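Visitor: predicted model and sequence below, questions to follow.
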Amino acid sequence: MAEFKLNIGDPKTKKILKKDLKEGETKPLIGLKIGSKVKGEIIDLPGYEFEITGGSDSSGFPMRKDVEGNQRKKVLIVSGVGIRKNRAGNKRRVTVAGNTVHDKTVQINLKVIKHGKTPLFEEAKEEETKTEEAPKEEAKPKETKEEKPAEDKKE
């Protein structure tokens, strides 16, 4: 078993929540494919429902929806996941991971389909307020150069 990093995207707020799952919590996700629905109770977010939109394996190869299985394959592609902009008519043979979550998967991308009662980003807001409330240094008044009267010179 492995640990997963979850990136949970919320289309309403346009924010992403990052969450780490330990080895014991990853078992229900293994074997699911891109496009599968996931209940929020599995990842300690009751009331929510998610859809798997992608991910990557331990070597950083992206998961591709049209590649069946859980192993890596070299596929000939024109555009989409796993390739940057390409000239028109060019095809490239690229290594990508299959569409099934397995032990060697490291990152899983999820999209919120159904919202629960508790907001996802409440925790993040609390952390932000804590960092903002940190004591700030007081601004020191700027010292202005005042012209001092010339002292009498000793003669």
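Guide: Received, thanks. Residues are numbered from 1 along each chain as shown.

Visitor: the chain: strands as residue ranges?
Guide: Along the chain, the stretches classed as strands by DSSP state E are 4-10, 15-21, 37-39, 49-57, 72-77, 92-97, 105-114.

Visitor: residue 28: which of the ones you listed is closest?
Guide: Comparing the strands of the chain against residue 28 with Cβ to Cβ, the closest turns out to be strand 37-39 (8.0 Å). In this view, the C-beta of every residue, glycine as well, is placed from N, C-alpha and C.

Visitor: partners of the closest one in the sheet?
Guide: strand 49-57 (antiparallel) (DSSP bridges).

Visitor: which of the residues in the partner strand are buried?
Guide: 49-52, 54-57 (16 or more other Cβ atoms under 10 Å).

Visitor: just put those residues in CSV and tack on distance to residue 42 and pLDDT.
Guide: What follows is the buried residues of strand 49-57, written out as CSV (distance: Cβ to Cβ, whole Å; pLDDT from 0 to 100):
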residue, distance to residue 42, pLDDT
49, 10, 91
50, 9, 92
51, 13, 93
52, 12, 93
54, 18, 91
55, 15, 92
56, 20, 92
57, 21, 90
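
Visitor: closest to residue 65 among the residues you listed?
Guide: Closest to residue 65, out of all of the buried residues of strand 49-57 and judged by Cβ to Cβ, is residue 54, at 7.7 Å.

Visitor: give me the distance between that closest one and residue 109.
Guide: 4 Å (Cβ to Cβ, to the nearest Å).

Visitor: and if you look at residue 43?
Guide: Counting by Cβ to Cβ - residue 43 and residue 109 are separated by 13 Å.

Visitor: ok, now residue 27?
Guide: 19 Å.

Visitor: one more: residue 115?
Guide: Applying Cβ to Cβ to residue 115 and residue 109 gives a distance of 18 Å.

Visitor: more crowded one of the two?
Guide: residue 109 (20 against 15; other Cβ atoms under 10 Å).

Visitor: need the pLDDT of the more buried one.
Guide: Residue 109 is assigned 93 on the pLDDT scale.

Visitor: run through the residues that contact it.
Guide: Applying Cβ atoms under 8 Å, 6 or more residues apart in numbering to residue 109 gives the contacts 6-7, 9, 52-55.
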